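Participant: Model the structure of this input:
(2 chains, ligands or ions: 2)
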Amino acid sequence: MTIFIGAFIIGLILSFLTIGVFISFRVLNFTDITADGSFALGGALAASLLVMNINPALAVVFAFLGGGLAGSVTGLLHTHFRIPQLLSGILVMTGLYSINLRIMGKSNIPLFSEKTVISCADGWTTAFWGADKKIGIFGGQIAAADMTVLLFFLMMIVFFGGALYFFFKTDMGAAMRATGSNPQMITALGVNTKAMIILGIALSNGFIALSGALLAQYQGFADIQMGLGMFVLGIANLIIGETLVGKKRLGLILPGVVLGSILFRQLVAVALRLGMNPNDLKLITAIFVLGALILPLEIEKFRKRKRLGGNARRQ
Amino acid sequence: MLVVNNIFKTFNPGTPDEVRALQGVSFSLDEGGFLVVIGTNGSGKTSLLNAVAGSFFIDSGEILIDGVDVGPMAEHQRASLIGRVFQNPFLGTAADMTIEENLTLAAKRGKRRGLGLCLNAAAAAGIKERVKSLTMALEDRMTNIVGSLSGGQRQALTLLMATWSKPKLLLLDEHTAALDPKTAKKVVELTEDVIKKHRLTTLMVTHSMQQAVNLGDRIIMMHKGRIVYDFKGDEKRLLRAGDLLALFNEIRRKEQIDISAAEMLQRNYI
Ligand SMILES: Nc1ncnc2c1ncn2[C@@H]1O[C@H](COP(=O)(O)OP(=O)(O)OP(=O)(O)O)[C@@H](O)[C@H]1O
Ligand SMILES: [Mg+2]
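Facilitator: Ligands and ions are numbered 1, 2, ... in the order given. Take a look at the predicted model:
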């Protein structure tokens, strides 16, 4: 039960990452791998600030802003200097590695007794659940403190997801979605698509850095390597979410993205429980994404061949 | 209203792919005027519209809309003046967004886009009313994504979007060329209606000689980046589709003579 709830919480935290990837990859049609750098940037900023006894909420805000700044650089490189999307992301991600090291001053910052969002949430436990330290749920017992943390992150994702949903329904948000869908058309309607891309990629990386900041606090340390593979993980979560709820409705896709992130994390927890080597995790995630990307195409090809009774093979 | 003065545009200058798309095009169009542009493939018709809309910057020359020199303005900055329907029906609408949302995008053409909700119940009702006026049975599908519509339906929507708030200038680029004859006829009717109703100043490219003689009050014919014929007033009114076809044939014949003359010169002197 404890593993289950831990994976649930991490899934919630990684939902922010997935939302960030959703904004760049799906909304703006921009393959932005700045993610790996900005995730670690979020962790680095939060941990460094917390060690300096800064208010955790403020540390998280700074992480968000830092990610936004990194993203806007990637956006700027692509729109104004015509550097391809992937290369823009790689340049910023590579630069961020050194910047993150500078921020942290070393490659790992542990958070022992510092005040974090987790310890704040813990503080509300007694107020919520009384003195009873265990809660029965689904026939199991879980620590009340875990439950508070879970609810805290759940509320947070509902708030941020709701705000993003609202944003996409505003004039500016609609223009951003149109920028990803049909840049030529929205330019003809008077929108500066370069500005929209920069803003959108900034927003995306803000969410991703926020995710890194929260994870660092939950796991109790920030590490220079913590961003590795996060873009691919975000895509994996996104694909699961889209499979669950479809791609069409924005009102469904945002909750779907959260569900996808939690589900993938649960699967990972089960696999680890069953003896999977944690070192294989990134390979398996990559293969999963690869499969999800090529399978629909292969199935379509197979169907077409069947329809044409083998004629297609000869062409 | 629209003044185009001696504009030039060369793509990929100094490379083997060099194309002189516009070579000194000049004309002016009065308020409420309806100019039809015809010409062979690659003669520079789309390039002319692109130059006016600002899809690229011209190499030299001058473009004035309503007295404003739009030369230094980027495409999105000119949008407050220009409504546009593209040659490709898929270019004018955002496929992933709903019919309603596409129209709200158009309603804000050239205006500041802030953090107000783009759609409310009252606006949705107004949009529905105008979509109904297209008589394409789209009013019951307001929340469907545009990607699920046919090319003709999308082109009709694009026309509605381009003219949602009255533009100073309407640019139409063969906007019925990709449609089946019945739908094309329908879209042409819608076009005529909206132009008459709002007395729009219009620049329309077409491949259909019939459209060219039926619509508009002036025809220019382009060839190799230049205007080669210009018919207005009574001359335009008396023009028949056959006359225009004859002109096309003449151009083709001249071109063949040019080519054979060049070959002869080559044989004799090189
Ligand atoms: N962005 C571009 N880059 C390079 N060449 C271009 C570009 N746009 C147009 N051209 C070239 O300029 C010439 C004129 O093209 P344009 O699209 O204006 O012709 P058109 O008259 O609209 O033809 P069509 O009837 O086929 O639509 C063509 O040779 C075309 O290949
Ligand atoms: Mg053309």
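
Participant: quick one: contacts for A:L86?
Facilitator: Counting by Cβ atoms under 8 Å, 6 or more residues apart in numbering or on different chains, A:L86 touches A:T31, A:I33. Bear in mind the C-beta positions are built from the backbone N, C-alpha and C, glycine included.

Participant: My reading is that it lies in a strand. Confirm?
Facilitator: No: per DSSP: H, G, I helix; E, B strand; the rest coil, A:L86 lies outside any strand segment and is helix.

Participant: Check what pLDDT it gets.
Facilitator: Note on A:L86: pLDDT of 97.

Participant: before we move on, what about A:G95?
Facilitator: On the pLDDT scale, A:G95 gets 98.

Participant: how about the strands in the chain?
Facilitator: Since no chain was named, I'll use chain A. For chain A, applying DSSP state E gives strands covering A:108-110, A:134-137, A:140-143, A:221-223.

Participant: Oops, wrong one, chain B.
Facilitator: With strands called from DSSP E, chain B shows them at B:2-11, B:19-29, B:34-39, B:60-65, B:68-69, B:82-85, B:169-173, B:202-205, B:218-223, B:226-232.

Participant: burial count for the closest residue to chain B within the stretch 201-315 of chain A?
Facilitator: The stretch 201-315 of chain A approaches chain B most closely through A:K248 (6.5 Å), counting by Cβ to the nearest Cβ. Look at A:K248: counted by other Cβ atoms under 10 Å in any protein chain shown, it has 15 neighbours.

Participant: now do the one 5 residues further on
Facilitator: Using other Cβ under 10 Å, A:I253 is surrounded by 22 other residues.

Participant: my guess is it meets A:T243, correct?
Facilitator: No: counting by Cβ atoms under 8 Å, A:I253 sits too far from A:T243 to count as a contact (11.4 Å).

Participant: For the residue of the stretch 101-250 of chain A found nearest chain B, give me its contacts.
Facilitator: With Cβ to the nearest Cβ, the shortest gap between the stretch 101-250 of chain A and chain B falls at A:G190, namely 3.2 Å. Contacts for A:G190 (Cβ under 8 Å, 6+ apart) come out as B:H76, B:Q77, B:A79, B:S80, B:K108, B:R109, B:G110, B:K111.

Participant: need the contact list for whatever residue of chain A ends up closest to ligand 1.
Facilitator: Chain A approaches ligand 1 most closely through A:Q184 (12.0 Å), counting by Cβ to the nearest ligand atom. Contacts for A:Q184 (Cβ under 8 Å, 6+ apart) come out as B:F86, B:L91.

Participant: returning to what we had before: phi, psi of the residue of the stretch 101-250 of chain A closest to chain B?
Facilitator: The phi/psi pair for A:G190 (degrees, to the nearest 10) reads phi 100, psi 20.

Participant: Identify the residue nearest it in space, chain neighbours excluded?
Facilitator: Using Cβ to Cβ, 6 or more residues apart in numbering or on different chains and skipping the chain neighbours, the partner closest in space to A:G190 is B:A79 (3.2 Å).

Participant: Would you mind confirming that that neighbour makes contact with B:A106?
Facilitator: No: using Cβ under 8 Å, B:A79 makes no contact with B:A106, being 10.4 Å away.

Participant: Now list whatever residues contact both of those two.
Facilitator: In contact with both B:A79 and B:A106: A:L189, using Cβ under 8 Å, 6+ apart.

Participant: per-residue pLDDT, the residue of chain A closest to ligand 1?
Facilitator: So, for A:Q184, pLDDT stands at 95.

Participant: Report the separation between it and B:S165.
Facilitator: Look at A:Q184 and B:S165: by Cβ to Cβ, to the nearest Å, they are 20 Å apart.

Participant: repeat for A:D146
Facilitator: According to Cβ to Cβ, A:D146 and B:S165 sit 55 Å apart.

Participant: more crowded one of these two?
Facilitator: Just comparing A:D146 and B:S165: by other Cβ under 10 Å the higher neighbour count belongs to A:D146, 19 against 15.

Participant: so what's that one closest to, chain neighbours aside?
Facilitator: Nearest residue to A:D146 in three dimensions, chain neighbours excluded: A:I5, at 5.0 Å (Cβ to Cβ, 6+ apart).

Participant: could you list every residue that touches the one you found?
Facilitator: Contact analysis of A:I5 by Cβ under 8 Å, 6+ apart lists A:I142, A:D146, A:M147, A:L150.

Participant: In JSON lines: the strands of chain B, plus mean neighbour count and distance to A:I157.
Facilitator: Below are the strands of chain B laid out as JSON lines (neighbours: other Cβ atoms under 10 Å in any protein chain shown; distance: least, Cβ to Cβ, whole Å):
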{"stretch": "strand B:2-11", "mean neighbour count": "18", "distance to A:I157": "49"}
{"stretch": "strand B:19-29", "mean neighbour count": "18", "distance to A:I157": "52"}
{"stretch": "strand B:34-39", "mean neighbour count": "23", "distance to A:I157": "54"}
{"stretch": "strand B:60-65", "mean neighbour count": "16", "distance to A:I157": "48"}
{"stretch": "strand B:68-69", "mean neighbour count": "12", "distance to A:I157": "48"}
{"stretch": "strand B:82-85", "mean neighbour count": "28", "distance to A:I157": "41"}
{"stretch": "strand B:169-173", "mean neighbour count": "23", "distance to A:I157": "45"}
{"stretch": "strand B:202-205", "mean neighbour count": "25", "distance to A:I157": "51"}
{"stretch": "strand B:218-223", "mean neighbour count": "21", "distance to A:I157": "57"}
{"stretch": "strand B:226-232", "mean neighbour count": "17", "distance to A:I157": "61"}
